[in-house]
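> Sequence first, predicted coordinates after that:
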Amino acid sequence: MSDFERQSRRAADQEILSDEVAEEISHIPTEVLDIADAPPLAPPAPLDKGEVRTILMSLLLTMFLAALEQTIVATALPTLGRQFGDVSNLSWVITAYLLAATAVAPVFGTLSDIYGRRVMVIISLSLFMAGSVLCALAPNLPVLILARGLQGLGGGGIMPVVQTVISDVVSPRERGQYQAYFSGVWVAGGILGPVLGGLFAEHLHWSMIFWINLPLGVAALAMLLPKMAKIPVYHRHRKVDWLGGVLLMASAVVVMLVLTWGGNRHAWLSPTILSMVGSAIALALSFVWYAGRAEEPFLPLPLLGGTVAPYAIAAGGCALGAIMGLTVHLPLYYEVVYRLNPSEAGLALIPLAAISTCGAAIAGRTMARARRYKRVAIVGTSLAVVSGFALAFTTLPLWGLLAVMSVFALGLGTTFPVSVVSLQNSVTRAQIGTLTGAMNFFRALMASFTVAAFTAILLMALGSDIQLAGEHRGSVGSIAASDMITAFRWVFGAAALMMTCAAACLIVMEERPLAGPATPPAELAE
């Protein structure tokens, strides 16, 4: 065990205090307990349940904005293509947002540890709303693409900052229950986004998909900002390693472009893709080399090591990748094999998305009451593995497929609260933002990689001349149902293997005691 890991673990263990001891030291600023050289600050008054509820609602609304924006634009793309008379570059409306959001996730997480959560919440929401206004007023497609990039800068900051704020408000033992609420928000955004996007584009005006963000964003800020002054402060001012941040963002952008263009705009072995892969590797190695020598690196590499962080990040990334890869490609399976129309195929995705939230809720409640909180996620991921292989080796009627998919989603959902809370519980509070941003960064990369990998699997199984990208249209109507079933056996098998990796990571991950209020022994299950 390294000196850094011992120090982090010792500081994290110091947070596991009884209520009596915590009360005795409540007059001491938290920064003095965690960061010896930080200036002392007067502690805020404890938050009551009503204030916690208000903060939670504002955080959920803020996260709903980011979740909605990732799906609401997709169904409006044909309308945007007709509006601006440009179809060839239309995919950049989606790509620009994803590139920006992925690249800045670790930036906002780190800056929230340096300048505080309040500042980062205001900046991320302001960028998001400013980008929304520019999108709605865009006179042409290039301006819309640039505005979507600006919007992505704000959207990418929302997720890590929100998760960090909730970590300041509730203890790790209680935090798992709130992660289930966040999972529900993403499900709601994923379901409502395409519906609202199509409704606004067809019956109102395409700009409404961006104008709707303004009242929601203002409402979130109005609810949250008055309570931010009472949230405990754990950030520590220090010098910002901008060069390290730029290197990390640049490597992320190149990797995302490779995953977006590879096998779609350019062949995987084309000189363009190979040169981009080389550039991404060079930038990543430069970041690692620089981070190892910087006095206060943008992302301290030891944070990503140890017995918790790498396994928690890998488990959560595999689970998110599996569900995202299936969500993107299952409509194709439903349309070809079961002859569903696009609307019906979208409805058939609800069990996969919605029931994963139930799994997250079960895991969250278990974490609040059980000492061995990993068990629920290990059992859940094992259930997902069995269900995934069952889908790969059997051919089922639609109701049977949806039933097995529901079991898969239930087990998969248990991964998210356990991985997030375990990760945040492994470091001091002054490092939670940095590590949470890194987690979201690697999860986004894993999701993009999985979508690209599943597409490559289908192309190899069905033939490289089949058009699978984008809206899954083109020559898919000529695919035989039997061929699609055979191709998706590999996709389901790949999803099962990803969940096998998630289960293995959870088994290996160290199970540290969760900081939080004491629970009576009779109620604390093993």
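Looks like it came in fine. Numbers count the residues shown, from 1 in each chain.

> make it CA atoms for all contacts and neighbour counts henceforth
Fine.

> Low-confidence stretches in the stretch 51-200 of the chain?
Scanning the stretch 51-200 of the chain for pLDDT under 70 picks out the ranges 75, 87-88.

> now the strands for this protein?
Per DSSP state E, the chain carries no strands over any range.

> Pick out the residue nearest the middle of it.
Asn440 (5.1 Å; Cα atoms, centre = their mean).

> Thought Pro160 was touching it, still the case?
Yes. Counting by Cα atoms under 8 Å, Asn440 does reach Pro160; the two are 6.7 Å apart.

> okay, and the common contacts of the two?
Residues touching both Asn440 and Pro160 (Cα atoms under 8 Å, 6 or more residues apart in numbering): 105-106.

> Trp289: neighbouring residues, count only.
Residue crowding around Trp289 was assessed by other Cα atoms under 10 Å; the count is 12.

> please renumber so the chain begins at 546
I'll keep to 546 as the first residue from here, and by that count the last item is Trp834.

> what residues are up against it?
Residues in contact with Trp834 (Cα under 8 Å, 6+ apart): none are found.

> Just give me the neighbour total for Ala915.
Ala915 has 18 nearby residues by other Cα under 10 Å.

> Pairing partners for it in the sheet, please.
Beta-bridge partners of Ala915, counted by DSSP bridges, are Ala1070.

> Look up how far Leu957 lies from it.
Between Ala915 and Leu957 the distance is 19 Å, computed by Cα to Cα, to the nearest Å.

> Tell me how far Asp713 lies from Phe987.
With Cα to Cα as the criterion, Asp713 and Phe987 are 22 Å apart.

> again with Ile1024
Between Ile1024 and Phe987 the computed distance is 35 Å (Cα to Cα).

> do the same with Ile1052
Taking Cα to Cα, one finds Ile1052 at 20 Å from Phe987.

> which of those two has more neighbours?
Between Ile1052 and Phe987, Phe987 has the larger neighbour count (other Cα under 10 Å), namely 19 against 16.

> For that one, which residues are in contact?
858, 862.

> what does Trp731 give?
Each residue near Trp731 by Cα under 8 Å, 6+ apart is listed here: 608-609, 612-613.

> again, only using 6 Å
For Trp731, the contacting residues are Ala612, by Cα atoms under 6 Å, 6 or more residues apart in numbering.

> how many other residues sit next to the closest residue to Phe727 other than its chain neighbours?
Closest residue in space to Phe727, ignoring its immediate chain neighbours: Leu605 at 6.5 Å, by Cα to Cα, 6 or more residues apart in numbering. Close neighbours of Leu605, defined as other Cα under 10 Å, add up to 20.

> Could you check the pLDDT of Glu576?
Note for Glu576: predicted pLDDT of 35.

> got the contact list for Val882?
Ala1026.

> what pLDDT does it get?
Reported pLDDT for Val882: 86.

> same deal with Asp564?
pLDDT recorded at Asp564 is 38.

> try Leu1051
Per-residue pLDDT puts Leu1051 at 93.

> what's the spacing between it and Pro855?
For Leu1051, the distance to Pro855 - Cα to Cα - is 10 Å.

> Over to Leu946?
Per Cα to Cα, Leu946 is found 33 Å from Pro855.

> excluding its backbone neighbours, what's nearest Ser677?
Closest residue to Ser677 apart from its sequence neighbours, by Cα to Cα, 6+ apart: Phe755 at 5.0 Å.

> Same question for Gly700.
Ala611 (5.2 Å).

> same deal with Leu885?
Closest to Leu885 by Cα to Cα, 6+ apart is Tyr879, at 5.9 Å.
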